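> Curious how this folds, go ahead:
(4 chains)
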There are 2 protein chains.
Amino acid sequence: MDTRTDTHQPADAKPDPMRIERLCIERGLKMTGQRRLIARVLSEAVDHPDVEELYRRALALDSRVSIATVYRTVRLLEEKGILERHDFGGGRARYEATDHGHHYHLIDIETGKVIEFSDAQHEALAEAIAARLGFRLVGHRLELFGRRAAPEAATPPRRAPKRRSGEGA
Amino acid sequence: MDTRTDTHQPADAKPDPMRIERLCIERGLKMTGQRRLIARVLSEAVDHPDVEELYRRALALDSRVSIATVYRTVRLLEEKGILERHDFGGGRARYEATDHGHHYHLIDIETGKVIEFSDAQHEALAEAIAARLGFRLVGHRLELFGRRAAPEAATPPRRAPKRRSGEGA
DNA sequence: CTAACTGCAAACGTTTTGCCGGTGA
DNA sequence: TCACCGGCAAAACGTTTGCAGTTAG
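Next up, the predicted model:
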């Protein structure tokens, strides 16, 4: 397929607000009110929210959720392969639905914003490297940390995150 | 330089047991007994120890260190650019000296062992992708998760780590 | 009916920090 | 000298869990 870098962020604004719920049912999960709520918040997210953010969004729709349930749900969905957990530095796990195929992340270190992209060339390279080292590739992650290139007025400086976790050198 | 994947693990068994200490002095850090001790442990490490492991190794040489000091030192050294923090999953940060140039990691998901490698082709690709997306690349990380390829008797199964952090999909 | 679920608060494991008496430069 | 440092114990942080009551299927 494509050999070029291909961005796809808020482009496809998650069209289906029930996708996650459907997946839950498929895997035989009991659909309670809070589960449905959290599923909806997740389905609608176009970013990579952490648990607190999910909790905040859920609360805004219905106050009968506890953060413990968000933690439990998010973990459960990850175990079921419905969610993917990421660590972009900053000490909290961030989640995203497992769909829109393999992609990588570019983190804007000024704003913390995450841009998704895919790149077939990289995909092939990763595979080749693993093979060269005598391994069968099971998974891989590529994260780029960058600063918006030159041209315009600089974004105001950003306070350092709460500190924790590994940044790429 | 090389365009091929190049492994370099315990190969170069850190020849200089004072490298870190020298760097500390260069950056104007006060060299106390415990600082020197920790620096030495770090200089001698050929792996990616976490804080507890560093503490254990330091204690074995001299019992007058506290784990708080290890935490403080490791953080300080990271801020000074002497150490690099990694999160390979498992809930604790792991450290390695910032030297032997840019390299990436392949994590053997059976054993948890980390193999380092460098790859100029990937390096160039990362740079190109960032540019293509309108960013200046500040750092990047590539982590491969793999299973030793076919041939020999399989390594015994390994219990899952303490749970936390992001695995590559 | 009952296994799966929830809220709450307490527990967890890692990491940071306040206090305050030391110590290297 | 004195700004920086180390030990200790307590706090903070994100996250998990035991308990007891609730609910989906």
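
> Which strand or helix spans A:Leu59?
helix A:51-61 (DSSP states H and E).

> Do the following helix or strand past that helix and DNA strand D come into contact?
Next along the chain after helix A:51-61, taking DSSP H and E as the criterion, comes helix A:67-79. Yes: contact of helix A:67-79 with DNA strand D (C-beta under 7 Å from any atom of the strand) involves A:67-68, A:71-72, A:75. Quick note: C-beta positions are derived from backbone N, CA and C, even for glycine.

> thinking again about what came up before, mind listing what's buried along the helix holding A:Leu59?
Buried positions in helix A:51-61, judged by neighbour count with 16 or more other C-beta atoms under 10 Å in any protein chain shown: A:51, A:53-55, A:57-59.

> Which of those residues sits closest to A:Ile25?
Distance to A:Ile25, by C-beta to C-beta, is smallest for A:Ala58 among the buried residues of helix A:51-61, at 19.1 Å.

> What are the buried residues along stretch A:115-134?
A:115-119, A:121-123, A:125-126, A:129-130, A:133.

> Which of these fall within helices?
Within the buried residues of stretch A:115-134, residues falling in helices by DSSP state H are A:121-123, A:125-126, A:129-130.

> For B:Cys24, state which of those residues is nearest.
A:Ile129 (34.4 Å).

> residues contacting that closest one?
A:Ile129 makes contact with B:5, B:106, B:117, B:119, B:122, B:144, according to C-beta atoms under 8 Å, 6 or more residues apart in numbering or on different chains.

> I figured the fifth one was touching B:Leu142, is that so?
Spelled out, that is B:His122. Yes: using C-beta atoms under 8 Å, B:His122 is in contact with B:Leu142, at 6.1 Å.

> Common neighbours of these two, please.
Shared contacts of B:His122 and B:Leu142 (C-beta under 8 Å, 6+ apart): B:Tyr104.

> residues contacting A:Ile20?
By C-beta under 8 Å, 6+ apart, the contact set of A:Ile20 is A:39-40, A:42-43, A:77, A:82, A:97.

> Now A:Arg22: which helix or strand?
Secondary structure from DSSP H and E places A:Arg22 in helix A:19-26.

> what residue is smack in the middle of chain A?
Against the mean C-alpha coordinate of chain A, by C-alpha atoms, centre = their mean, the closest residue is A:Glu96 at 3.3 Å.

> Is the longest strand along chain A in proximity to chain B?
Criterion DSSP state E: the longest strand present in chain A is strand A:135-148. Yes: Strand A:135-148 is in contact with chain B by C-beta under 8 Å from any C-beta of the partner chain, via A:135-148.

> Now the buried members of these.
A:135, A:137-138, A:140-148.

> so how far is B:Arg75 from A:His102?
For A:His102, the distance to B:Arg75 equals 34 Å [C-beta to C-beta, to the nearest Å].

> next one: A:Asp62
Taking C-beta to C-beta as the measure, A:Asp62 and B:Arg75 are separated by 41 Å.

> Comparing those two, which residue is more hemmed in?
Neighbour tally, A:Asp62 and B:Arg75, criterion other C-beta atoms under 10 Å in any protein chain shown: the higher count belongs to B:Arg75, 16 against 12.
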